[in-house]
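1. Any chance you can model this:
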Amino acid sequence: MEQLYIFIIAFVASFIGSLQLGPVNLTVIQTSVNKDFRAAFWVSIGGCLPEILYAAIAVAGTSLIDPKSSFFFYAGFFMVPLLLGLGIFKIIKYKEPENTKPQEYPSTLFGDFMKGFTLSIVNPLLLPFWSTVLIYNTSINVFSLDNKMDKCLFVIGAAVGALGLLLLFAGIAHWKKERINKMVNGNINKAIGWVFVILGLVQLVVVGLRYKHMI
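-> The predicted structure follows:
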C-alpha cells in the first residue's frame, strides 16, 4: 500500500509540475493540431523520458550534481538559442494559414519523439524540481524510499505523471483543433513560434540574472 502511495505522490507532483507553459507542452499541442494524436503521442513519450533521468538522479542523491554548479547555468544558456531558433524558424516558415486536415506522417514519428526528448532533456528545471520535492518530503516525512522498489516506483510515477499531462494536452488540442486554429487565425505554428521567442527571451533574462548571481 505504501508503495502505491509513493507512486501516486510522484505522479501527482509530476502532473502538477508539468502544468506550466513550456516548450514540450506547446510542441505537443502544435503537433496534435497540425498532424494527429499519434504524432503528439510520440512527442509526449520523448518529453516524459527525461523525467526518469532527473528523478533518478534526485533519488540517488543531489550530490551527484551540485545545484550550485555550472551545470544548470550552461543548460539554461543552451535553452536560449534553442527556443529562439525554434521560434524564429516557425515564424518565418509558416506565413500562410495551414491545412489542418489530419494527415499521416509515418516517416517522422522518430523525429517527433526526438523533438519532445530534446526539448525536455535540456530543461534545467527538472533536477531542481525533483530535488525540491524530495527535500520537502524529507522535512515533513510523508514517505520514505527505503529500497530499490520504492525508488523505482517514485521514478516511474514521475514519468507517468508527465506523460499523463502531455497526453491530456494532446487530446484536448486534437479535440478542439478547429477552435484553436480559429483563435490563432489558422496558423498555430506562427503563434507558437512567437511564444517560443518570448520564452527564449525570458530564459535569456534568467541566465543573465544567474550570471550576475542575482537569483
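2. now what about stretch 151-159, what contacts it?
-> Under the contact criterion C-beta atoms under 8 Å, 6 or more residues apart in numbering, stretch 151-159 has outside partners 3, 6-11, 13-14, 48-49, 51-52, 55-56, 59, 130, 145. C-beta here means a position set from N, CA and C on the backbone, and glycine is covered the same way.
3. quick one: the helices in this protein?
-> Secondary structure of the chain (DSSP state H): helices located at 2-17, 23-34, 37-60, 70-93, 109-121, 126-140, 148-175, 177-183, 188-211.
4. So which elements touch the shortest one?
-> Here helix 177-183 is seen to pack against helix 23-34 when contacts are counted using 3 or more C-beta pairs under 8 Å, 6 or more residues apart in numbering; DSSP states H and E.
5. Pull the distance from the helix it packs on to the chain's centre.
-> In terms of C-alpha atoms, centre = their mean, to the nearest Å, the centre of helix 23-34 is found 11 Å from the chain centre.
6. Report the separation between F41 and A170.
-> 6 Å (C-beta to C-beta, to the nearest Å).
7. okay, these two: which has more neighbours?
-> Comparing F41 with A170 by neighbour count (other C-beta atoms under 10 Å), the higher total belongs to A170, at 25 against 22.
8. excluding its backbone neighbours, what's nearest that one?
-> Take A170 and drop its neighbours on the chain: the residue closest to it by C-beta to C-beta, 6 or more residues apart in numbering is A40, 3.7 Å away.
9. does that neighbour really touch N25, like I thought?
-> No - using C-beta atoms under 8 Å, A40 is not in contact with N25, being 10.8 Å away.
10. Which one of the two is surrounded by more residues?
-> Neighbours were counted for A40 and for N25 using other C-beta under 10 Å; A40 has more, 27 against 21.
11. what's near enough to touch the more buried one?
-> V28, I29, T31, S32, D112, L166, L167, F169, A170, A173, H174.
12. What confidence value was assigned to the spatially most central residue of the chain?
-> The centre of the chain sits closest to V24, judged by C-alpha atoms, centre = their mean, with a distance of 4.2 Å. According to the prediction, V24 has pLDDT 90.
13. D112 is in contact with that one, correct?
-> No - here V24 does not reach D112: they are 11.8 Å apart, not a contact under C-beta under 8 Å.
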